[in-house]
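Trainee: structure of the sequence below:
(2 chains)
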There are 2 protein chains.
Amino acid sequence: MSYPSTIQQLVDSFAKFPGIGEKSAQRFVFYLLRQPSQELIRFAKLIMNLPDAITVCRVCCNYSEKNPCAYCVSSSREQSMICVVAYSHDVRALERTGAYRGLYHVLGGTLNILDGVTPDKLRIKELMERLRNANKKIQEIILGFNPDLEGESTALYLSKLIKPYDLKITKLARGLPRGADIEYADDITLAEALKARREL
Amino acid sequence: MSYPSTIQQLVDSFAKFPGIGEKSAQRFVFYLLRQPSQELIRFAKLIMNLPDAITVCRVCCNYSEKNPCAYCVSSSREQSMICVVAYSHDVRALERTGAYRGLYHVLGGTLNILDGVTPDKLRIKELMERLRNANKKIQEIILGFNPDLEGESTALYLSKLIKPYDLKITKLARGLPRGADIEYADDITLAEALKARREL
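Mentor: Take a look at the predicted model:
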């Protein structure tokens, strides 16, 4: 005998969540079983309404409740620079710093040919169209990808595509993170920190 | 600026799941955003219907779609022994072994006074009532708790309560698990394996 079918179906659904296996999925279902009925209904309605409540901004492709999103219509944001990121949560991380006041473009991932993430799977076409329609308003493209293989190859690919537009193309600096220990830093990071050293 | 409110509310809900923090909760919501709308509706309906679909068996207190549950009404199970466990998933683990054909009783946890899990929070009253009404049909109570402090104290507490009924009370054997290495076994396990050694 196994779990009752409703429990088993929910376990199977949760087990497909990123990073979640059978055991955690079971814990989630038993956690839900301990919640009051009205809390479950509230939670389920949020999930059910997700496609109606959340849309992809037609300008920057970020998840948003409005279309275009709040970043794209805000007059207080600098209109001359676009920071291209892989995911929505990268936008949030950059916003949290308070150090960036420009626009965004969310690709929806980074190039990974082996996993089938080819350029047509990302919102690169939308970015290029944005640049074409920008009438020289955009002066800088910041490539804000993770410093890994996929991030670097996406940056390389995009920089070649964007080159004809004669814009400033930058990427986030590589170097030692705050609190790092030189002794334990990996070779590539240390080499990059050395190469990009700054005068005091 | 933060996430759209629907996303933030879902992140907050998922962040309350056992073992899940803010980051995983965000990944869950973005995973859901990538799912087709009908899959979200199916998933949400399962959650919403959980309280109606799943009940607690009035005999053994296990989660079930029927009441009494399939274990309690099955004539092919041995009616003379009850294995008392903490949670539903322990029932499933024991069933998977195929080595037990008796009945179950699910307490809903183990005693943990510091966390406020006192005897009245567990389904001990239901177990005692079951024993009182059993008319000597029950001959053995197996205490199937984890070999930790909470499990051992729950076993001790229950064994004192059950003693007047003059039943055989057993607990799961302690010893070296299959594949263990004596050199790395912890002292308590090794001592218990020694104490419970068997003749070949």
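Trainee: hey, C-alpha coordinates of the single longest helix found in chain A in CSV?
Mentor: Longest among the helix segments of chain A by residue count, using DSSP state H, is helix A:149-162. Only the C-alpha atoms of helix A:149-162 are listed here, as CSV (Å, rounded to 0.1, in the frame of the first residue of the first chain):
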residue,chain,number,x,y,z
LEU,A,149,30.9,29.5,-18.5
GLU,A,150,27.3,30.1,-19.5
GLY,A,151,27.4,33.7,-18.4
GLU,A,152,30.6,34.5,-20.1
SER,A,153,29.5,32.9,-23.4
THR,A,154,26.2,34.7,-23.3
ALA,A,155,28.1,38.0,-22.8
LEU,A,156,30.4,37.2,-25.7
TYR,A,157,27.5,36.3,-27.9
LEU,A,158,25.5,39.4,-27.1
SER,A,159,28.5,41.8,-27.3
LYS,A,160,29.1,40.6,-30.9
LEU,A,161,25.4,41.2,-31.8
ILE,A,162,25.3,44.6,-30.1
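Trainee: can you tell me what sits against that helix?
Mentor: A:84, A:86, A:107, A:110-112, A:117, A:119, A:122, A:124, A:127-128, A:131, A:141, A:143, A:145, A:169, A:171 (Cβ atoms under 8 Å, 6 or more residues apart in numbering or on different chains). In this view, the C-beta of every residue, glycine as well, is placed from N, C-alpha and C.
Trainee: among those residues, name the buried ones.
Mentor: Buried members of the contacts of helix A:149-162, scored by 16 or more other Cβ atoms under 10 Å in any protein chain shown, are A:84, A:86, A:107, A:110-111, A:117, A:122, A:124, A:127, A:131, A:141, A:143, A:145, A:169, A:171.
Trainee: residues near the nearest residue to A:Ala15 once chain neighbours are set aside, how many?
Mentor: Once flanking residues are discounted, A:Ala15 sits nearest to A:Ala25: 4.0 Å by Cβ to Cβ, 6 or more residues apart in numbering or on different chains. Residues near A:Ala25, counting by other Cβ atoms under 10 Å in any protein chain shown, number 17.
Trainee: now whichever strand or helix holds A:Ala25: buried residues?
Mentor: If you go by DSSP states H and E, A:Ala25 is part of helix A:22-33. Neighbour-count burial for helix A:22-33 flags A:24-29, A:32-33 (criterion: 16+ other Cβ under 10 Å).
Trainee: where does A:Tyr3 land on pLDDT?
Mentor: Looking at A:Tyr3, its pLDDT stands at 88.
Trainee: need the contact list for it.
Mentor: A:Tyr3 neighbours (Cβ under 8 Å, 6+ apart): A:11, B:63, B:88, B:92.
Trainee: let's see if you can find the most crowded of those.
Mentor: B:Ser88 (24 neighbours).
Trainee: I'd say that residue and B:Ser64 touch.
Mentor: No - using Cβ atoms under 8 Å, B:Ser88 is not in contact with B:Ser64, being 9.1 Å away.
Trainee: off-centre distance for the helix or strand of chain A with the lowest mean pLDDT?
Mentor: When each helix and strand of chain A is scored by mean pLDDT, DSSP states H and E, helix A:187-195 comes last, with a mean of 88. Here the centre of helix A:187-195 is set off from its chain's centre by 25 Å, with Cα atoms, centre = their mean, to the nearest Å.
Trainee: now for the residue positioned nearest the centre of chain A: which residues touch it?
Mentor: Against the mean C-alpha coordinate of chain A, by Cα atoms, centre = their mean, the closest residue is A:Tyr87 at 1.2 Å. Taking Cβ under 8 Å, 6+ apart as the contact definition, A:Tyr87 lies against A:106, A:108-109, B:30.
Trainee: give the burial count for A:Cys83, as a bare number.
Mentor: Around A:Cys83 there are 21 residues (other Cβ under 10 Å).
Trainee: same check, this time on A:Ala155
Mentor: A:Ala155: 21 neighbours (other Cβ under 10 Å).
Trainee: for it, which non-adjacent residue is spatially closest?
Mentor: A:Leu143 (4.3 Å).
Trainee: equivalent analysis for A:Thr55, please.
Mentor: Nearest to A:Thr55 is A:Asn67, by Cβ to Cβ, 6+ apart, at 5.0 Å.
Trainee: the one you found: what secondary structure?
Mentor: coil (DSSP: H, G, I helix; E, B strand; the rest coil).
Trainee: and what of A:Val84?
Mentor: Using three-state DSSP, the structure places A:Val84 in strand.
Trainee: returning to what we had before: what's the least confident helix or strand of chain A packed up against?
Mentor: Under the contact definition 3 or more Cβ pairs under 8 Å, 6 or more residues apart in numbering or on different chains; DSSP states H and E, helix A:187-195 sits against no other helix or strand.
Trainee: quick one: contacts of it?
Mentor: A:174-176, A:180, A:182, A:185.
Trainee: let's have the contacts of A:Tyr3 in JSON lines, adding pLDDT and secondary structure.
Mentor: Converted to JSON lines, the contacts of A:Tyr3 look like this (pLDDT from 0 to 100; DSSP: H, G, I helix; E, B strand; the rest coil):
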{"residue": "A:Val11", "pLDDT": "96", "secondary structure": "helix"}
{"residue": "B:Tyr63", "pLDDT": "94", "secondary structure": "strand"}
{"residue": "B:Ser88", "pLDDT": "92", "secondary structure": "helix"}
{"residue": "B:Arg92", "pLDDT": "90", "secondary structure": "helix"}
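Trainee: could I get these as JSON lines with distance to A:Thr55?
Mentor: Below are those laid out as JSON lines (distance: Cβ to Cβ, whole Å):
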{"residue": "A:Val11", "distance to A:Thr55": "31"}
{"residue": "B:Tyr63", "distance to A:Thr55": "38"}
{"residue": "B:Ser88", "distance to A:Thr55": "40"}
{"residue": "B:Arg92", "distance to A:Thr55": "41"}
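Trainee: just those now: which is nearest B:Arg198?
Mentor: B:Arg92 (28.2 Å; Cβ to Cβ).
Trainee: ok, now how distant is the nearest residue to A:Cys83 once chain neighbours are set aside from chain B?
Mentor: Leaving aside its chain neighbours, A:Cys83 sits nearest to A:Ile142 (4.3 Å; criterion: Cβ to Cβ, 6+ apart). Distance from A:Ile142 to chain B, counting by Cβ to the nearest Cβ, to the nearest Å: 18 Å.
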